[in-house]
Structures are given as C-alpha cells and as structure tokens.
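[1] What shape does this take:
(3 chains)
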Amino acid sequence: MSTLAAFGKLPTLNSATILLVGTNEIFQQQLAETILQEKQDLKINIHLADSLPLPPERDHIRPRIDLIVFMVNMQSKHSYSNIEASLVHVDASFFLGKVCFLATGAGRLNQISIEVNAVLKLADLYCSPVLFCELECEKIRIATAQRLLRMLRICAGHMSGVSALSFSSLMKSSIGDSSFLA
Amino acid sequence: MDEIVAEYIRRTVLRIPRSEMGRMLTTWGVFSENQLQSINLHQIKDKLSQEVVQLCEENGATIKHAANLDIIYNYTYRDKKVWTVYKMTKEDGDENVVFNWVDFKNRFKASLRLLLKNVTITFKKFEDNSMWIRIAWGTQFKKPNQYKPTYVVYHSQTPYVFISHSIFKNCRVLLFQALLAAANYSDIHEMDLRSRCLDSLKDIVFKRYNQNVETFNPQPLQERNSTLENVDPRIIQEDKNKKETIRKINEEDFGNGSLPKLQYAQYKLETVFKSKPEMGILNDKEPFRCLVTFSSPHLLEALKSLAPAGLATAPLSRLLTCIVPEAKNSFKITEKKSGFSHGLPDQ
Amino acid sequence: MKKGVIAKTPKQALTRSCSKQTDLSAWKASALQMTGRRNEQKLSKDKQQTTSENADPKQDSLEEALSYLKKAKERTPLKNEVLQKHLVTVEKIAQEKGLAPEELDFLLNIALSGKFAEVVSTRLLKNLVPTSAITADSVTSAVSWLCVGKCSRTTQMLFLKWLIAMFDFIEQKEQVNALYGFFFSLLQDEKLFPFACHVLYLITRKKNVKPFRVRKLLDLQAKMGAEPPLQALLLLYKNFSPEMVSITLPTKTKIQFKNSENPWKMAISNIKRRLCGAPPASQPSLINTACPQTRKRKWNNKLVLPACSVQSSCSAVSQRTHHIDLIVHSDAFPVEQLQTFPQLLENIHCLELPSRIGSVLANPLLLHYVNCVSDDSVYRRMYYWMGQTLREECPWHKFENQPFELEFKDFLRKIFEAECFLQEGFSSCEEFLYRSLPFWDGYSCRSQVLQLVTWIPLSTFSEMKSYLFKPLAQLFFTSSLYFKCSVFESLREMLLNWLNWHLMQTDTTTKLNADLLNTTLSGLVSSVADLIHFVGWLSTVALSLENNSAFLMHFILDFYEIVSDVYLKYNLPLVVMPPAGVFYTALLSMDSVCLDHLCYIMHRYRANLISAKQNLQAKKTVLQFKFSSQTCQEYNQYITAMVGCLWTSNVFQKDFHHQGIHMDPEVLEKTRVKGYRKSFNIVYHPALTGYAMLFLQEAQPEDKTPNFQLIQGRRWEWYLEYLYSQELRGLKLFIESSIHRASQRSQTQTSK
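    The predicted structure is shown next:
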C-alpha cells in the first residue's frame, strides 16, 4: 500500500501543488478552474483525484504535493466513506498542517445524509480544519478558492514566518482554552 | 348521430391543443377540403368544438369516426399513458402462417364479439407499421364506455403487444384471447416492463437501441480523450485511467448512444436478512420483504451518470444494468437466484 | 335594524359622495406614499370631473332603484321585470362608480335580510363596490342579520368573502374587532371555516388571543387536520403570545388564503383608475400593495406595518373626532396612525404593537416604544419572530435562499440599525450568529454579519470563544487582508459597545447595589480582558500573516487606542498592554502614521496608569484593580524601548523586554553596519528619515547630499519643532510627557 509522503520530494522552484480529492468531478473541475483564475505570483499546479492512493506509475513526474483538500459532499454517504478510505493512504506527516477538509452541501440541512458532527469529528481525528462552502454559487467558489490559496501558500512555504504546522495549530478547532493568552 | 357520439367528439376536440387541431382534423379525414377550410381554428375552443360537432352531424359521423379521432389524439400523445409489454409465445410445432391484416382484424373482432356484444373495436394503422386497436368496453346490459377505452399497439410478425391499461380483469382475459386468436399464438404473459414512453419500450423489445456500437466504431473514444486534454495544463487528472475504465464499463453497460426512456425500476426483495448470529436480530428464515423503487424522468440516463458523478462506484450492480438486456423493469429478488443476491448501491 | 338611507334628497346624497371621494383620493395618496404632489393636483382635477359627472341622471336612477328595493314586497318573484330593471341599474352604477357608504349599507342589509330570492342577494353582494369607505356599523348590522339566520349558507359565505376583500375599506376596525367572538364561532361551520379563519386572521389583536380560543383552535386542528388557514391563524396567535401556543407549526408553508376569483377587487381597481385618470400601468394598483403575494415582496411585507389595517385617513377634522372615538370606545391606539413623536407620548399608555412584530424594526417611533416598555411579551414576540426568520432565510443554511441574499442583507441591515437605535443586541440574533457562524463561508452578507457581531452582548468569554471566536478565527486566518481589517473593526465596535454598556450601568446604579455591582464587575473586567487578549493574539498572528501590513496595523492600533483608555474614559479598572508582536511591529514600522498612533496610545497608557496608581495610593476606589506590577513592568520595558528607539539611540542596549530587540554589541559588530549605535532615533528611524531629509533640504537647500549628522544640538530642537508641525501629534504628546529633557542629552525617566 503506497502512502503519499509529505516530504518525499524536493519542492519545485516558485510553484505550489494542491491535490483535490473528491468524488464529484464537476465540482472539482470548477474549483480547480476558479483557483487558477486567481492572480498569483507563483505557479499553481492542481492535481485531481477521486480517491487515494494515486496511481504509482505517475509517481516520478508528480511534484511534491503541498496541500491535500478532501472534498466531502454532505449529501452523499459514498463521498464520505470514499474520503475515509482515502485518508489511510496519506502519510502522517501530511497531517502536520497540510490537509484540509472542504464540506459542501451543508447548506441543505434537510437533504444531507452525513451528520455535520461526523465531518467535524473526522477532521478533528486527523487534526485538520474544515471549511464549509457551497460550490454551486460562483461567488462563494471564488471566496473558497482564495481561502485555499492562502493555505496553499503557507503550506508550500511561500509565506515567511509562518509554517504549515504553526498555521494548522492556529486553525485547529480544538484550541486549548488559553493558548492565545500566553 | 346520437348524442353520445356528438358529446364524445366534442370532448375529444376540446382535448386537442390548438396548434395540433388543423393537422389532426386533416388526418382524421372525416371532413372535405371545403369543410376543413370553413372551420375557424382561432375561435374559443368551446365554440370550435361545437362547430366541429355540427359538421360531423352533417357528414353523418358515427362512433367509428369518433373513435378514430381519439386514436389519432392518443397516438400523438402516446407518452401520456403507461404502457405494459406483453409477449406472446407459440407452442412448438406451430407452423408460421402468412400474416394478413384483414384476417387479423376479422379474427380479433370475431373472437371478442363472440363473448361480449357491447364493445366498440376500432383499428388504425400508422406509418410506423404499428396497428392501434382501441376497445371501448361495455357489459351485457350497458353500452360501451367510450371514456375508458383500452389501447393495444401491435406490430405484425412480432410476438410483442403493448397495452395501455384501463380495464377490468375479466375484460383483460377476453382481450388476450382475441389477440392470441388473431395473431395465431398460443400463450401470452406480462414482461414486467412498463414505461410511459411507448417508443422506448419498442426500442427495448425490438433491440433497436445502440448498445454495442462502440465495438464496431472506436472513433468516439479518441475524440473524448482529446477533449480531456483540452483543459488547462496546470490541472492534472491523476486518475485519468481510472476514469477511462469507468467510462468504458459504463459504456459496456449502457452503450454510448441515447438510452430508452424508463420512469422507474422496481426491485422486490424477498431475501433472508443475513447478519452475524450474535446480533440476534431477524435470524429466522423468514424472508426480509422490502420494495426498492428507483424513479426518475429518465431512469437509465440517471443510472448511467451515477458513476461519473461520483455517487456510486463503477461497475454498477448487475441489477441496475440488466434492465435493457433483460427487457424488464420490475424484478423480484429471491434467495435462490444467487447471482442476484449482491447488494444494491447506495443512492 | 334597517335604515332608510335613501330618504335623503338627491342633493344631500350628492354632496356626501363628493366629500367621500375626496377622502378616497387623500387616502390613496397617503397609502401609496409614492404618489407625489403632482398626482394630488391631478386628483383634484379628476375630482372635479367626477363631481360634474355625478350630476347626471344616473344618480337619480340609482335612487329610484334603491327606493324600489326598499318598498318591494318580500319574495318578489325573480322574473319580475321591474325588479330586474332596477337590479341592472344598481349593478351598472356599482361597477362604474361604486357605492357611497349609505347606499352600501342599505344594499348589504337588503341582501342579508333574505328579503328577495337568493339569486338576488348574491347579485347584490357581488356588486357591493365601495367608493370610499364602509362604516363599521354596516358590518355590525350585517353580522346581526347573520345571527338571525335569514340567509343561506352560501350567502353567508359570500358575505365573508366580501368582508375579506373589503377589509381595507372598513372604518373603525375596533368595532369590527368587537365582533371577534361572533366570527370565532363561525369556525364551527365546515363550509364557512376557511373564510372565518381569514377574517379572524385580519382582525386578531393581542387581546383576542386567549387560552380558551387557543384550546378551541387546537381542538379544531386535531379534528380537521392541518388546514392551511387554521395553521396560519395559529401561527398568528403564536406570534402574539408564543407561550400559549406550544405546538410547533410548519413555518415554511406559505400562509395562503384562497383569494382568487375576486370580482370586487377588479371593480375597485377599475373605479380607482377611472377616478385617478392615470394609465393602469404607471399607477401602482392599490390592490397590489394590499396583498403582495409573490415571494419577492415577502420581505417588504414582513417589515412594513400591515397595510390591511391602515385605516383610511379621513380629513383632519374627522380624524380628531375619530381619535376621541377611539379613546372612548377602546383602549388601543392604532399603531399605523402613529406619525409623530408627540403622538407617541400622548398614546404611549394605550399603544398596541402590530401583529407583524417585525414591522417595529423599521419604525423608529415604535422602537422608542419598545425601548421603554417593560412588557416582557414584546421581547418574547420579537425573539420568537426574529429567531425564526433568521433561521428560515439564512442563505448559507438553506441553499435555496441563495437568490434572495440581497433581501437577507437588507433584513440584517435593518436588524443592525434597530440594534444601534436600541443600543442593545437582540438575543435571537446572538443565537443565530452562534449557531450559524461555524458554517459561514465568510462571504455571504459579510459586512452585515460582522456588523451584527458588534452587538453581541457581554457574556462569559469561554462561551463566546467556542461559538463565536473560534469559527471567526478560522475564517480570519484564511481570509483576505480586508476581511481581517473588518474583523478588527467589528471587534473594536464590540468592545466599545461593552464599555458603553458598562458606563450606562454604573451611571444608573446607586450605592445600595454597589456590592452587587462589584461581583458583576469582576466578571465584566475578566471578559473584557479576555477579549483584549484574544484580539492581541489575533493581531500578532495577522501581522505575521499579512507581512506587517501598515493598513492592518491601523485597525489594530485603533483597537488599542480604546484599550489604552479603558480606565479613564470608561471607568473600568483594567489596563492591558499590547503584545510585543503588535508593539514592536508598530514601533519599527516604516509608516510614520503608525508610529505616531503608537506614541499617542503609549501616552494614553501613561495617563491611565498614573491616575490608577494615584487612586490606588489614595485608596479612593474600593474596586479591585485588574492590573498588576507585571503590567507596569511591561509598560516600563516598552517605554524604555521606545525612548531608546526614538530619543537616546540605545535601544539595542537598553531594551530588556524578552521579546524585544536587545542585541549584544558583538553581534552588532558582526553586522558591519557602521554607526549602528545611531540607527534608531527620531532622525534615523525608518518612519522618520523622510522627515529628516525634508528638514535638511529646507534648512540647507544648497546641500545636495543630506548629512543627517548635522541634526544635533540646536538643530535637534528645530527638527523636533519641524516634526511637531507635520501633524505628528502623538509623537509630540509622547515626547512631552514621557521624556524629561532637563539637560541637553536627557536622562530617560519613565512614569514609575
């Protein structure tokens, strides 16, 4: 079983790579396009996959992945279990700030088939933040793309003074009660 | 012309949409060219229907004509009814008789009239080589009820009959007898295939859908690949191969052309609930009865897009893909058929 | 019961109807505020026209018809030609011009008395089109006819339909409300039930909502199932007093009363059009404003005063008598007549809030009222209604609301304005924010949501932290600079609101409950302190995320400007210093405005600390002061660093803050920067070198290469004056207060 390693490869100069994992091809594609439309001073690579592990035959040409975004569709149990199964194939070092969950469809509370708590728990289990958004709406998609890009820049080490690990400790939903008082 | 006929014609005319009115009346063929031209199609429908009735009165239209108009209407709007497919079978050794529409009609009428006097039978043949039979049923003492007729669609030389139901059980038996006698078959049974779309049903039973075109014509595959490469080079599809296999599997299951239109697929489960013994629920051998219905305005298209949309894993269960090849959309799943015992995907 | 109205001379009737038509136009003008002066002129012109029209013989024929109907024998056969003729006359005139109140009253009585056959009654009822108004007396007498049961069920039903359609035209609605019990009893009848529901829906006031009625309605619901009209009525009851109706009602079902096929409305709008003479398209039809049904208008609908209860405004004189009437007859002043503040003062004892509690939000007078009324139920109603509306319409909770985001924004804005007006947050709004912020995408209604956050009342910080600050922080870290700035802005507003609230509290408390205050005060102080620490943490992180943006720094310093003055300005015994991440970033900023701002803030800290210390020594205040020697120490370290950085150029040696910029000389030597000793003072500070350059250019225009070393001795003084003249007031205040300049090269002297 091949796992995806966070630091197995050297970073590429002036570029960052994001991996979107999710079963909804259309949302993935749309989000990827929206991310690329944002003006950036570094080269962004986007890899799309519906599940992990990634096909090993492409390992040698794949750049280092800086951020994995797991897209959970709250309306599909299949999508949730798929993500759950994929998470196993991610190296533990990724969870030091280089993973984030994107929950879509939470805006239709009467139609969701996964409990919100389940997603929050999953994210907590893997020490990663959850973003909620509705990707159908273009404006929200843009806002989400911008948020992901900010995270990506940090994860790829393009933000001086902030590391992925420190950022994830900020984002983690279980901040100790007085961590910021120190 | 009696009042029933007049009223029936009037109501039928009221049902016809204005845009179709001219065409249908022409097809009907009851009126002369001059009469057709004299009808003002742009007046209030109520008036229009009365005008039509008046002209019919002049022409001495009968219930036959009225029924004809009804068939024309229902032929155009055949998707408004639910059609059930029946298959007739011959016993071994029955030699093929040369088919003849006149004989067919005569035998059909004779067989039906033999048992039931009060019945209106109307035949009409259309360009697509289908014979439409409209039967308005009465009883021993009652005149035929023109408002609840049965429509039967039959293609010569085929064992299939499409029936739009609105009849009582005993009438159905009579109808089957008449059909068997007329078409020279010995038995008839329901195929568990129902849809609103008559043409799709025909496609399915006559095997006209293009299921395996791909094997002869690999062209579209390459075209698709080139469109995939068209996207931004910065977006990399990691599981292109996997997607391709999914697509291939899908294509094997559903073909790559348009699919017949079905509205539902029904699975009656009568399987024993299997669980670990320690769970201790439903461990007796009583079958676990449940009915699963998948419904959609275009069911097969919906099933076909399940895997690409990421809502199910490919390949889909045989149960979902066998609808067209089996020509069936209601299934009964019992314990014995082990091939059908695997679970259904989540939806 | 029957009144002989027609016994008047034609002339009387004529003047009467004239004046009524004036009323109509006036009413229309006020009801639709958009009709400007222009239209009024037009109306008066039209009025003249109609007056002249009235003189034509048709009026006489109506008189004739009415008198015939009065005198005709009971049960005149239908085919009677004279009767038919007169009926046609009535129909024609009614449809063309409408009927005056007296005529209406008369015909209504005829129709309901069952004098003629049912067909005639129906025909008459269908033609009861008013020109101006319907008196409540007519309704009362009509109801009394229903009581004696002279007319059939169908006629009764038609009457109810008519009443619903004409509700806007009825004057003195109080009187109709007095018949509440009667209409309520009609609910028993299965056929009349939906219409009775609708009538009740229109006339229900708070005082009508009684436990026994609620019980009856619930019984009916159990019996008949969830009929939409009944549900609507129950919902209205629940709106009025949520505590009485404990069942949950489906809120999403549109409150739909079938009001299709309404011949009267058509007739009325036709007459209106004729009277106003405006083309139908440009004139917003009255009927439309009365019952907006489309979803688009739902919002306006919720927030405007219920239009259906707007009383037709009579002329000024009649209005006065009207008021007296009301005061005599009932104890409620109709809110929709409330126009001015004096009116509010006069009627404050007998004001009753409308059934649509939401309309209060948009009405400043009613907000005044809500503010001073001590009735708990108002708050409960508001809480219930607002909570529900927010839940139902929130676009990121219910995706189908997405197209109505603009309306929701507007709604949030209205809530915010009302909160600003009341100087208080709504608890349902707070709950909504707590519940929905974790799912917020940070985009929809951004500024409105952040505005609403400012009015979240003070509560224990740990509670707020998990519900409010945690989700907000998550969004904050991943969002743009502008989002970060607006979060700081709203946190600043929130702090201000808390402090103002505290100020109000201390103003109003007497010595008796000072003890009580003391205990709550410690809670308040710790909550405020927690908020300040939270913002400190947030700002440190934000500055490093945003590359020490000066823009962001402004917002942070704005926040600390308030923090520094908490003791003196807001009388809260609390001094919290900014974290080193903020202080040093501002101190070493390239932006002179930031530096100046920081100087001002440090100056205020000094003033606060000095006064606190004095008070502590004088034991003036018994309150436990929430600052420790640590705060003083931190302040001293900061001030040392600042003086070293701006004045004595020895920051690298003298800075003793553990996160400061103290550096060993050996390290500094290694940097090979010449004259590092002088790298930081008012001349060399990166934010101020620009000023130094300009100063030198002004002082010695002939020198091409500015020599900063020249700024010494007297020039140093001049340069300082120059800086002060450049609007660097914070710097001036800071240097004047914190630096003792006894000798030329002064000894630093901090406040403690």
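[2] got the end-to-end distance for stretch C:200-214?
    13 Å (C-alpha to C-alpha, to the nearest Å).
[3] wait, stretch C:171-184
    This stretch, stretch C:171-184, spans 21 Å end to end (C-alpha to C-alpha).
[4] Can you point out the buried residues in it?
    Neighbour-count burial for stretch C:171-184 flags C:Glu171, C:Gln172, C:Lys173, C:Glu174, C:Gln175, C:Val176, C:Asn177, C:Leu179, C:Tyr180, C:Phe183, C:Phe184 (criterion: 16 or more other C-beta atoms under 10 Å in any protein chain shown). Quick note: C-beta positions are derived from backbone N, CA and C, even for glycine.
[5] Sort out for me which of these are in helices.
    C:Lys173, C:Glu174, C:Gln175, C:Val176, C:Asn177, C:Tyr180, C:Phe183, C:Phe184 (DSSP state H).
[6] can you pull the contacts of B:Asn74?
    With contact set as C-beta atoms under 8 Å, 6 or more residues apart in numbering or on different chains, B:Asn74 has these partners: B:Lys80, B:Lys81, B:Trp132, B:Arg134, B:Tyr151.
[7] How about the secondary structure of whichever residue of chain A sits closest to chain B?
    Closest contact between chain A and chain B, by C-beta to the nearest C-beta, is at A:Thr23 (2.8 Å). Following DSSP: H, G, I helix; E, B strand; the rest coil, A:Thr23 is assigned to coil.
[8] Could you pull up the contacting residues of it?
    A:Thr23 neighbours (C-beta under 8 Å, 6+ apart): A:Asp50, A:Ser51, A:Met71, A:Asn73, A:Ser76, A:His78, A:Ser79, A:Asn82, B:Ala309, B:Gly310, B:Leu311.
[9] Quick one: residues in contact with stretch C:687-703.
    Contacts of stretch C:687-703 (C-beta under 8 Å, 6+ apart): C:589-592, C:594-595, C:682-684, C:706-708, C:710-711, C:715, C:718-719, C:722-723, C:726.
[10] Buried residues, that stretch. List them.
    C:Ala687, C:Leu688, C:Thr689, C:Tyr691, C:Ala692, C:Phe695, C:Leu696.
[11] Return the subset of those residues lying in helices.
    Using DSSP H, these in helices are C:Thr689, C:Tyr691, C:Ala692, C:Phe695, C:Leu696.
[12] need those residues in a markdown table with pLDDT, can you?
    Below are these laid out as a markdown table (pLDDT from 0 to 100):
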| residue | pLDDT |
| --- | --- |
| C:Thr689 | 88 |
| C:Tyr691 | 91 |
| C:Ala692 | 89 |
| C:Phe695 | 89 |
| C:Leu696 | 87 |
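[13] shaky segments in chain A?
    A:1-2, A:109-110, A:173-182 (pLDDT under 70).
[14] Any residues of it in contact with chain B? List them.
    A:19, A:22-26, A:29, A:32-33, A:36, A:43-51, A:54-55, A:58, A:62, A:73, A:76-79, A:82 (C-beta under 8 Å from any C-beta of the partner chain).
[15] Please identify the next secondary structure element, helix or strand, after the helix or strand hosting B:Ala66.
    B:Ala66 belongs to helix B:63-76 when assigned by DSSP states H and E. Of the helices and strands lying after helix B:63-76 in sequence (DSSP H and E), the nearest is strand B:83-89.
[16] For chain A, just list every one of the strands.
    A:15-21, A:43-49, A:67-73, A:99-104, A:130-133 (DSSP state E).
[17] give the contact list for residue 163.
    Chain wasn't specified; assuming chain A. A:Gly97, A:Ile154, A:Gly157.
[18] oops, I was thinking of chain C
    Contacts of C:Leu163 by C-beta under 8 Å, 6+ apart are C:Val139, C:Val199.
[19] State the phi and psi torsions of C:His657.
    For C:His657, the backbone dihedrals (degrees, to the nearest 10) come out as phi -70, psi 140.
[20] longest helix of chain C?
    Max-length helix for chain C by DSSP H is helix C:514-545.
[21] does it come close to chain A?
    Yes: against chain A, helix C:514-545 shows contacts by C-beta under 8 Å from any C-beta at C:Asp530, C:His533, C:Phe534, C:Gly536, C:Trp537, C:Leu538, C:Val541, C:Ser544, C:Leu545.
[22] Relative to chain B, which of these is nearest.
    C:Leu545 (25.3 Å).
[23] residue contacts, the closest one?
    With C-beta under 8 Å, 6+ apart, C:Leu545 has these contacts: A:Ile154, A:Met159, A:Val162, C:Phe477, C:Lys484.
[24] Need the pLDDT of it.
    Listed pLDDT for C:Leu545 reads 88.
[25] Now whichever residue of the stretch 201-347 of chain B sits closest to chain A: closest residue in space that isn't a chain neighbour?
    Residue nearest to chain A within the stretch 201-347 of chain B (C-beta to the nearest C-beta): B:Gly310, separated by 2.8 Å. Counting by C-beta to C-beta, 6 or more residues apart in numbering or on different chains, B:Gly310 lies nearest to A:Thr23, which is 2.8 Å off, once chain neighbours are set aside.
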